[in-house]
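Chemist: Could you work out the structure for the sequence below:
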Amino acid sequence: QVQLVESGGGLVQPGGSLRLSCAASGFALGYYAIGWFRQAPGKEREGVSCLSSSDDNTYYADSVKGRFTISRDNAKNTAYLQMNSLKPEDTAVYYCNARFHTLSYWGQGTQVTVSS
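Modeler: Numbering: from 1, shown residues only. This next block holds a predicted model:
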């Protein structure tokens, strides 16, 4: 069964850190481009960060550049999003996406809330 499962979300104070995980099953994540997206209440889903299948190209939205880091561990079939210096405006449901040609898989999302 093909599945992506995000974890690691939660409530954190401004300035804090979280590491989101995206565990894949049923396929080899290493062949796929990885994307992290987020959707805040009342807003459209936006791209946060992407990592190419060859791991040689990354993208970060301007709003997270310098604070977030995308990575993957092929041995664990898992992708990560390290989030530092979190701000209240980072509050959203975060989703991971794995893409290979016409194949695209989404996780169910994990809630991140940044609040004091």
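
Chemist: What is the burial count for the closest residue to Q13 other than its chain neighbours?
Modeler: Distance criterion C-beta to C-beta, 6 or more residues apart in numbering; nearest residue to Q13, sequence neighbours excluded, is S116 at 5.4 Å. Yep, even glycine has a C-beta here, placed from its N, CA and C like the rest. Using other C-beta atoms under 10 Å, S116 has 8 other residues around it.

Chemist: and S116, how far is that from Q39?
Modeler: Between S116 and Q39 the distance, using C-beta to C-beta, to the nearest Å, works out to 22 Å.

Chemist: With N57 instead?
Modeler: 24 Å.

Chemist: do I70 as well
Modeler: Note on I70: its distance to Q39, by C-beta to C-beta, is 18 Å.

Chemist: Which of N57 and Q39 has more residues huddled nearby?
Modeler: Counted by other C-beta under 10 Å, N57 and Q39 do not tie: Q39 has more neighbours, with 14 against 10.

Chemist: List the contacts of the one residue sitting closest to the centre of the chain.
Modeler: With distances taken as C-alpha atoms, centre = their mean, W36 lies nearest the centre of the chain, 3.3 Å away. With contacts taken as C-beta atoms under 8 Å, 6 or more residues apart in numbering, W36 has the following neighbours: 20, 22, 47-50, 68, 70, 79, 81, 94-97.

Chemist: now S63
Modeler: With C-beta under 8 Å, 6+ apart as the criterion, the residues that contact S63 are E89.

Chemist: Could you shift the numbering so residue one becomes 9, and keep it that way?
Modeler: All right, first residue 9 from here; so that's S71.

Chemist: Per-residue confidence, it, what does it come out as?
Modeler: Per-residue confidence at S71 stands at 97 (pLDDT).

Chemist: cool, and D63?
Modeler: Spelled out, the predicted local distance difference test score at D63 is 79.
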